[in-house]
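1. Need a 3D model of the following:
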Amino acid sequence: MPGEALVNLGRAQCKVAAVQDRFLEDLSSSYLDGLERNLAGLKDYQAARKKLDSRRLAMDAAAKRLTTSKKQDRGLEEEVRVSRARL
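-> Residues are numbered from 1 along each chain as shown. Modelled structure (predicted):
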């Protein structure tokens, strides 16, 4: 009798281990893969944001040079126009 109980316990532990393995596979295929995709999207967003900030700063600098210029300079106006178009 005690031997049979130990055998049953061993079989139950094997079943628990199998369920645990399936759970880990499901978790990795759904949740973790989703996190990795979101992380990649976040990195793309951060790169685009950095590029946009750089272009905005370039436009602001060109506009500042144009407003502080004492004379009318077509080159400065063109620089502001190009910066605004890139933004």
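
2. Please count neighbours and contacts with C-alpha atoms only from this point.
-> Will do.

3. For the longest helix belonging to the chain, the averaged confidence score.
-> Within the chain, and with DSSP state H defining each element, the longest helix by residue count is helix 33-68. On average, the pLDDT along helix 33-68 is 91.

4. From the contact counts, what lies against it?
-> When contacts are defined as 3 or more C-alpha pairs under 8 Å, 6 or more residues apart in numbering; DSSP states H and E, helix 33-68 sits against helix 74-86.

5. export the helix it packs on as PDB, just CAs?
-> Provided in PDB are the C-alpha atoms of helix 74-86 (Å, rounded to 0.1, in the frame of the first residue of the first chain):
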ATOM      1  CA  ARG A  74      16.900  85.200 -49.000                       C
ATOM      2  CA  GLY A  75      19.200  82.400 -47.800                       C
ATOM      3  CA  LEU A  76      17.900  82.600 -44.300                       C
ATOM      4  CA  GLU A  77      14.300  82.700 -45.500                       C
ATOM      5  CA  GLU A  78      15.000  79.700 -47.700                       C
ATOM      6  CA  GLU A  79      16.600  77.800 -44.700                       C
ATOM      7  CA  VAL A  80      13.500  78.400 -42.600                       C
ATOM      8  CA  ARG A  81      11.200  77.300 -45.400                       C
ATOM      9  CA  VAL A  82      13.300  74.100 -45.900                       C
ATOM     10  CA  SER A  83      13.400  73.400 -42.100                       C
ATOM     11  CA  ARG A  84       9.600  73.800 -41.900                       C
ATOM     12  CA  ALA A  85       9.100  71.500 -44.800                       C
ATOM     13  CA  ARG A  86      11.300  68.800 -43.200                       C
END
